[in-house]
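A.B. asks: how does the following fold in three dimensions:
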Amino acid sequence: MASVRVHVPATTANLGPGFDVLGLALDLWNTVTVRAAQEDRLTVTGEGAGQLPTDSRNRVWQAFEAVFERVGAVRPPIAMHCENRIPLGSGLGSSAAAAVAGAWAANAWLGYPLSRDDVLALVTAMEGHPDNAAPALWGGLTATGLEPESGRPWVHPLPVASTWQEGGLVVWYARPDVRLSTDEARAALPRQVPLADAVFNLGRAVLLIEAFRQGNPELLAQGMQDRWHQPYRLPRIPGAADALARAREAGAWAGALSGAGPGVVAFAAPEADAVGQALAQTFAEHGVPARVWRLRPSPRGVWVE
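C.D. replies: Purely as a prediction, here's the structure:
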């Protein structure tokens, strides 16, 4: 193959109670183009340009090479270009998107020797968890986990109401200018949770899945409540808890920390334009500038142009 062009979506994981399990693809896309070349070359534009490595340390490049190694093929010299629209370190799965893009580009280049499940396993080995990689690969809403014996990831796509897939649901995303690594966010969590909190989250996760199936805003508001991780993570992000509260006052049905943060997501009807302004204004009142995106769920995962 002389060239391949791959598009991979942003993802928001956890969605409140679905810690390390639930993830949703969003219509914000990174694009990776790979062409045959005389010598290796890697360029990056958009988000992370000037920050991300442009050599073999790059996540996209590493995943591309990993697929060739997995199938025992010799990688030819390539020119790779990454057009990034997903902000880095934001809670939108930028690292998983990079790994999925690189792996899927290589898989397409080689004629798809690996299944989607195989690519999920490869990316999970790089990332350590599948909750962002799964919706990036399958699109839509997914539940994921790791088999206790083998450690191999499993994935189950979940239904989303057609009304929400066809424009009836807007996902406002705010990215405050705060540094919070995934490792730092995990370190904030307790090693054990009370039984009552575990039962609470289990019930809310079931309601959340049903809310997406029905397209039910009231059920979404109830189902996105969480006692496992957000009470410990939100205080580390100035203004985040207040921003989510103000978003609901402005018309959002529900809101949550996006992944491990520092970004937050608020779910609303298309006409609730005040939600984005409420998020940005509240962070600003806490002395934290924030960028805001108006997104929609993406029923489509990674794809080749």
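
A.B. asks: can you give me the mean pLDDT across the helix or strand F64 falls within?
C.D. replies: Using DSSP states H and E, F64 sits in helix 59-71. Per-residue pLDDT over helix 59-71 has a mean of 98.

A.B. asks: do the same with stretch 130-140
C.D. replies: 98.

A.B. asks: in the stretch 151-300 of the chain, which spans are strands?
C.D. replies: Counting by DSSP state E, counting those that start in this stretch, one finds strands in the stretch 151-300 of the chain at the ranges 153-158, 170-176, 254-257, 264-268, 290-295.

A.B. asks: out of these, deepest packed?
C.D. replies: Most buried of the strands of the stretch 151-300 of the chain, by mean neighbour count (mean count of other CB atoms under 10 Å): strand 264-268, with a mean of 28. In this view, the C-beta of every residue, glycine as well, is placed from N, C-alpha and C.

A.B. asks: mind putting the strands of the stretch 151-300 of the chain into TSV with distance to R35?
C.D. replies: Formatted as TSV, the strands of the stretch 151-300 of the chain follow (distance: least, CB to CB, whole Å):
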stretch	distance to R35
strand 153-158	31
strand 170-176	32
strand 254-257	39
strand 264-268	35
strand 290-295	30
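
A.B. asks: could those strands go into TSV alongside distance to A143 and mean pLDDT?
C.D. replies: What follows is the strands of the stretch 151-300 of the chain, written out as TSV (distance: least, CB to CB, whole Å; pLDDT from 0 to 100):
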stretch	distance to A143	mean pLDDT
strand 153-158	5	98
strand 170-176	18	98
strand 254-257	16	98
strand 264-268	18	98
strand 290-295	21	98
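
A.B. asks: so what's P159 up against?
C.D. replies: Residues near P159 by CB atoms under 8 Å, 6 or more residues apart in numbering: 141, 212-213.

A.B. asks: okay, P238 and T163: tell me how far apart.
C.D. replies: As judged by CB to CB, to the nearest Å, P238 and T163 stand 36 Å apart.

A.B. asks: so between the two, which is more surrounded?
C.D. replies: Counted by other CB atoms under 10 Å, P238 and T163 do not tie: P238 has more neighbours, with 16 against 11.

A.B. asks: wait, doesn't the more buried one sit right on V178?
C.D. replies: Yes: between P238 and V178 there is a contact under CB atoms under 8 Å: 6.6 Å.

A.B. asks: filter the contacts of P159 to the buried ones?
C.D. replies: 141, 212 (16 or more other CB atoms under 10 Å).

A.B. asks: tell me what the helix holding F64 is packed against?
C.D. replies: On a contact count with 3 or more CB pairs under 8 Å, 6 or more residues apart in numbering; DSSP states H and E, helix 59-71 meets strand 78-84, helix 94-109, helix 116-127.

A.B. asks: need the mean per-residue confidence for the longest one.
C.D. replies: By that I understand helix 94-109. The average pLDDT for helix 94-109 rounds to 98.

A.B. asks: worst-scoring helix or strand of this structure, pLDDT-wise?
C.D. replies: Lowest on mean pLDDT, DSSP states H and E among the helices and strands of the chain sits helix 182-187, with a mean of 74.

A.B. asks: secondary structure class for S90?
C.D. replies: Secondary structure for S90, judged by DSSP: H, G, I helix; E, B strand; the rest coil, is coil.

A.B. asks: where's the nearest residue to G102 once chain neighbours are set aside relative to A105, distance?
C.D. replies: Leaving aside its sequence neighbours, G102 sits nearest to A63 (CB to CB, 6 or more residues apart in numbering; 3.1 Å). According to CB to CB, A63 and A105 sit 8 Å apart.

A.B. asks: am I right that T45 falls within a strand?
C.D. replies: Yes: under three-state DSSP, T45 sits within a strand.

A.B. asks: surely it and R85 touch.
C.D. replies: No: taking contacts as CB under 8 Å, T45 lies outside contact range of R85: 9.9 Å.

A.B. asks: neighbour-wise, which of the two wins?
C.D. replies: Between T45 and R85, counted using other CB under 10 Å, the more crowded position is R85 (17 against 13).

A.B. asks: wait, that one sits on V32?
C.D. replies: No: R85 lies out of contact with V32 (CB under 8 Å); the separation is 11.8 Å.

A.B. asks: please, which helix or strand holds the closest residue to W154 other than its chain neighbours?
C.D. replies: Computed as CB to CB, 6+ apart, the closest residue to W154 that is not its neighbour in sequence is G145, at 5.8 Å. Element membership of G145 [criterion: DSSP H and E] is strand 141-146.

A.B. asks: okay, now the unreliable bits of the stretch 201-305 of the chain?
C.D. replies: The stretch 201-305 of the chain contains no residues with pLDDT under 70.

A.B. asks: quick one, helices of it?
C.D. replies: Applying DSSP state H, counting those that start in this stretch to the stretch 201-305 of the chain gives helices spanning 217-223, 230-233, 240-249, 274-285.
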